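Visitor: just need the structure, nothing else, for what follows:
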Amino acid sequence: MSIRSFFKASNISTLPLTLIVIVMIVLSCSTKTQVTTLDLSYSPKATSKAKKDIKVAVVKPVITFKEKMSESIATSPFGALIAKNMPVDYRLKAKYYSDYAQRLRNAMLTDMEKILESKGLKIVGGFDNFDEITYAQKKQIHYVVVPEFDFGPIIKNRRECLPVIGCRDKGTIQFIGGIKLVFYEPVSMEKIIIKRIDLSSLGYNSAIEYSGYEDADKKLMALLNKIYSQIMERVEKVIDVDELEHNMESVKSLKGSS
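Guide: Sure, this is the predicted structure:
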């Protein structure tokens, strides 16, 4: 027996069923889930046509912003199992340090090289740490840039647990800290130039609200995307080629005396 015959035999109108099907189709077509992803990329705003005889190497950024609990979860072999039952603040901090911060380091290394190259400087390598640079390379390189970032999320979570229903998390996320760029003469390891950028100078002083882990994760990624783009734009502005050229005599002197 067909569905139509069944409804006729049962003396039931097919109209309500038809309406339900139509409504479901319309809702499924009109409702699109917006997926937030981490998009850490930056393209320099300007490109210099003048090429400089200044060789620069960039070391992968160092993370200096740490919180013991979140770090221990992120590095624990049982991290995923522990995090699953923890409140949102611990889960999200663990994810930030084990995943997002590492992707941030890789993106910053790549984009720092793009910025320096766009200013007419010669890029040498791309190093995970300073120890990877050989002595011969240090003699050839004028500056080694070591970015340090100490910005991370401050998450204030409120958990409410009720019988049967379970636990619900609500709270706020706020990024604090900044980034420091240190230009070293690589043989002597003397600091030649230091640049600091604080997140507060970019206008990120307020906290955003979330409800539940998924919402918190989505909002943290969206906020990090905005912060990264703006902080790299500021990095591009504070790196002054004239200042690098002005210090070249000091750099050469340090190489000669080392």
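
Visitor: downstream of the helix or strand of the chain with the lowest mean pLDDT, the next helix or strand is which one?
Guide: Across the helices and strands of the chain, mean confidence by mean pLDDT, DSSP states H and E is lowest for helix 15-30: a mean of 44. Going down the chain from helix 15-30, the next helix or strand is strand 55-58, by DSSP states H and E.

Visitor: in its sheet, what does that next one sit against?
Guide: strand 122-123 (parallel), strand 143-149 (parallel) (DSSP bridges).

Visitor: which residues of this protein score low on pLDDT?
Guide: Along the chain, segments meeting pLDDT under 70 span 1-35, 66-85, 258.

Visitor: deepest-packed of the strands paired with strand 55-58, please.
Guide: For the strands paired with strand 55-58, the largest average neighbour count (mean count of other C-beta atoms under 10 Å) is found in strand 143-149, namely a mean of 21. Where you see a C-beta, it was placed from the backbone N, CA and C, and this is true even at glycine.

Visitor: return the list of strands paired to the following helix or strand past that strand, each annotated with direction.
Guide: Following strand 143-149 in sequence order, the next helix or strand is strand 152-162 (DSSP H and E). Paired neighbours of strand 152-162 in the sheet (DSSP bridges): strand 166-176 (antiparallel).

Visitor: CA atoms only: put the strand it pairs with into CSV for me.
Guide: Written as CSV, here are the backbone C-alpha positions of strand 166-176 (Å, rounded to 0.1, in the frame of the first residue of the first chain):
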residue,chain,number,x,y,z
GLY,A,166,24.2,18.4,33.6
CYS,A,167,26.7,21.3,33.5
ARG,A,168,26.6,24.5,31.5
ASP,A,169,29.4,26.9,31.0
LYS,A,170,29.2,30.6,30.4
GLY,A,171,31.9,33.3,30.6
THR,A,172,34.1,35.8,28.8
ILE,A,173,37.3,35.8,26.7
GLN,A,174,39.8,38.5,26.6
PHE,A,175,43.3,38.6,25.0
ILE,A,176,46.1,40.4,26.8
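
Visitor: what's in contact with the helix or strand following that strand?
Guide: Using DSSP H and E, the helix or strand that directly follows strand 166-176 along the chain is strand 178-185. Outside strand 178-185, the residues within contact range by C-beta atoms under 8 Å, 6 or more residues apart in numbering are 61, 142-151, 190-200, 231, 235, 238-239, 244, 250-251, 254-255.

Visitor: so which of these are in strands?
Guide: Among the contacts of strand 178-185, the residues falling in strands (DSSP state E) are 143-149, 190-198.

Visitor: spatially, which two of the residues you listed are the most separated?
Guide: For the ones in strands among the contacts of strand 178-185, the farthest-apart pair by C-beta to C-beta is E190 and D198; their separation is 24.9 Å.

Visitor: in JSON lines, list the strands paired with strand 55-58 along with distance to Y42.
Guide: Shown next, in JSON lines, are the strands paired with strand 55-58 (distance: least, C-beta to C-beta, whole Å):
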{"stretch": "strand 122-123", "distance to Y42": "16"}
{"stretch": "strand 143-149", "distance to Y42": "13"}
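
Visitor: so which of the ones you listed is nearest N225?
Guide: Nearest of the strands paired with strand 55-58 (C-beta to C-beta): strand 143-149, 15.4 Å.
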